[in-house]
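Peer 1: missing the sequence, but the structure's below:
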Ligand code: CA
C-alpha cells in the first residue's frame, strides 16, 4: 500500500554499530512503512545485501571492521549493487568528509545528530531521484510472467510463492533464457559476487526454486547442464 508515495514493501538496510542509534533509526523507518534490515559491520552488511538487495542503504562512517566509506565504494564499484542508493551517516561535520563521502559514491550525506523526520525526508528524496525511469515490463516465459513492478512471478491467476533469493534467481533466468550459467556466474549476477557465499548455495536455492515451481509444472524449466551449470528454458523434452 503506498504511503507518502513510497511502497511499503521497500527495504532499507541500516549499517551502524551503535545499537541505540540503529534501533532509533529502525523504529522510525518501520513506523514510516519501510521494511528494515540491520547490520553492525560491513561483513554483515554484505551478507544481508547478498540475501536481499535493499532499496536503499544507510551507512555509518565509523564501523568496526572497515569504514563506511570503503563499503560505499565497494558497493558502487560492483555492477550488481551500484544502482542501490546509499546515504552516509556521520558524526563528523567537516566539509572534507562530506566531499569524500560523495566522491566515494554516496547519493546523499547526513550529519549526526539528525531528526527521524530529516532522515525520512532525505530517504524519500533519494528514492525519488534514483527511481528507475525504465518502464515496468512484463516478461513472459512459457506459462510464467515476471511482473517486475509487483516484484512477483505469476502463473495464470496465481502468484508463485518465492523467497527473495528465489525471486531474484527466477527473474534473472526469465530475462536470460536459453543460456547456460555456471554457479559462479549465477553468484556474480544474482548474488552480486559476494565473497561470503559459497557455490553450493546456488544449488540450495535452485532446489527451492524448483520446489516452488513444481505445483505449476514449471520446475522443468530449470535445467541442470551437467558439468556446466544451469539453464532456464521453456523448451523441454
Ligand atoms: Ca558507528
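Peer 2: Structure's in. What do you need? All values reported here derive from a predicted model rather than from experimental measurement. Residues are numbered from 1 along each chain as shown.

Peer 1: Strands along the protein, start to end?
Peer 2: For the chain, the strands defined by DSSP state E occupy 2-3, 6-7, 11-15, 35-39, 56-60, 86-90, 108-111, 138-141, 144-147, 152-155, 158-159, 180-181, 222-225, 229-232.

Peer 1: Redo the ones you listed as TSV? Include mean neighbour count.
Peer 2: Backbone N, C-alpha and C define where each C-beta goes, glycine included. Formatted as TSV, the strands of the chain follow (neighbours: other C-beta atoms under 10 Å):
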stretch	mean neighbour count
strand 2-3	9
strand 6-7	16
strand 11-15	23
strand 35-39	19
strand 56-60	25
strand 86-90	24
strand 108-111	18
strand 138-141	14
strand 144-147	18
strand 152-155	19
strand 158-159	11
strand 180-181	18
strand 222-225	15
strand 229-232	20
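
Peer 1: Contact residues of the chain facing the ion?
Peer 2: Applying C-beta under 5 Å from the ion, we find that the chain lies next to the ion at 17-18, 60, 62.

Peer 1: rerun at 8 Å
Peer 2: Proximity of the chain to the ion (C-beta under 8 Å from the ion) is limited to residues 16-18, 21, 60-64, 68, 91.

Peer 1: Can you report phi and psi for the residue nearest to residue 40 when sequence neighbours are not counted?
Peer 2: Excluding the flanking residues, the one nearest residue 40 by C-beta to C-beta, 6 or more residues apart in numbering is residue 17, at 4.5 Å. Main-chain dihedrals, residue 17, degrees, to the nearest 10: phi -80, psi -20.

Peer 1: Return the residues in contact with residue 17.
Peer 2: 40-41, 60, 62-64 (C-beta atoms under 8 Å, 6 or more residues apart in numbering).

Peer 1: What distance do you get for it to residue 59?
Peer 2: According to C-beta to C-beta, to the nearest Å, residue 17 and residue 59 sit 11 Å apart.

Peer 1: What residues sit buried inside stretch 75-89?
Peer 2: Within stretch 75-89, the residues scored as buried using 16 or more other C-beta atoms under 10 Å are 75-76, 78, 80-81, 84-89.

Peer 1: Nearest to the ion, out of those residues: which one, please.
Peer 2: Using C-beta to the ion, residue 89 comes nearest to the ion of the buried residues of stretch 75-89, at 8.0 Å.

Peer 1: Who does that closest one form a beta bridge with?
Peer 2: Here residue 89 sits in beta bridges with residue 60, residue 110, as judged by DSSP bridges.
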